[in-house]
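Chemist: here is my input, please return the structure:
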Amino acid sequence: MCNIICVTNRRLCEDFPAQLRKVAEAKPKAVILREKDLSPKEYRSLAETVMRICGENGVPCVLHSFADIAAELGAEAIHLPLHILRTLPDNMKRRFRTIGVSCHSVEDALEAQKQGASYITAGHVFATDCKRGLPPRGLDFLREVCSAVDVPVYAIGGISPDNYGSVRSAGASGACVMSGLMTCPAPKNYLDSFREESDVK
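Modeler: From the prediction side, this is the model:
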C-alpha cells in the first residue's frame, strides 16, 4: 500500500489538471488540495475539478482550509492549520469523516489530537524550497511527535525516496510530497520508488 500523500501546488505545473490526473492514476494514499492563495470562489471551482478527478480514480480528496466550502461540496475529508481547527464548531467537525492538521511542535500535535484530528502532518522535517531559509526540524522532532500522539503522523518537508526510509523508521505512518509529484513526468514510477525504499527498510 502506498503511504504517500500528494500535496498540490498548481503553480509548479504547466498543466495542473493533466498532472493531477497522472498523479491520481498512480494511486497515492490521498490528494490534499492545498492552494491557499485562491479566493473562496476560485478554490471552490478548482475543488470541484479535483474532487472529480480523484473520484474517477478512487483516490481520497482532502480539501484544505476552506471548511465551509468542503462541507457544501460534500467532501469527506478536510485538512486544517491548527489555528482554524481551534475555532471550528463541533457540529462542523462532525461533517467530516477525516480531519488532518498541520503541526510544528509536540504541543501542537497533542492539541490537534485533543481537538479531534484523525491524522497529523509534522514538519518541515528536511530542508525544502517551500520553506526556504527556515531550518528543518529534523528526524528527532518527527520521532518526538510520533511518540507523543496516538493518531497517524505523516512527515512533510523535503521528503524523497532517498530519505523516506528514515522517516518511517522515526515512526511516521507515511509522508506528504509536493514538488516531486507536481513536477515529475511519471508519477507512478516516482511513487513506486517510495514503495521500493519502504520495502528495503
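Chemist: model confidence for residue 127, exactly?
Modeler: Note for residue 127: predicted pLDDT of 84.
Chemist: burial check on it, number of neighbours?
Modeler: Look at residue 127: counted by other C-beta atoms under 10 Å, it has 15 neighbours. All C-beta atoms are positioned from the backbone trio N, CA, C, and that covers glycine.
Chemist: now do the contacts for it.
Modeler: Neighbour list for residue 127: 135, 136, 157, 158 [criterion: C-beta atoms under 8 Å, 6 or more residues apart in numbering].
Chemist: kindly report the same for residue 19.
Modeler: 13, 182, 187.
Chemist: and which of those is nearest to residue 36?
Modeler: Within the contacts of residue 19, the smallest distance to residue 36 is 14.9 Å, found for residue 182 (C-beta to C-beta).
Chemist: give me the phi and psi angles of that closest one.
Modeler: Reported as degrees, to the nearest 10, the phi and psi values for residue 182 are phi -80, psi -20.
Chemist: hang on, it packs against residue 12?
Modeler: Yes - between residue 182 and residue 12 there is a contact under C-beta atoms under 8 Å: 4.0 Å.
Chemist: among the two, which residue is more densely surrounded?
Modeler: Applying other C-beta under 10 Å to residue 182 and residue 12 shows that residue 182 carries more neighbours, namely 20 against 16.
Chemist: residues making contact with the longest helix seen in the chain?
Modeler: Criterion DSSP state H: the longest helix present in the chain is helix 40-56. Outside helix 40-56, the residues that touch it by C-beta under 8 Å, 6+ apart are 8, 10, 17, 20-21, 24, 31, 33, 35, 38, 60-61, 63, 66, 68-70, 72-73, 75.
Chemist: restricted to strands, list these.
Modeler: 31, 33, 61, 63 (DSSP state E).
Chemist: any idea how many residues pack against the last one?
Modeler: Read it as residue 63. By other C-beta under 10 Å, 27 other residues sit near residue 63.
Chemist: now do the first one
Modeler: Using other C-beta under 10 Å, residue 31 has 25 neighbouring residues.
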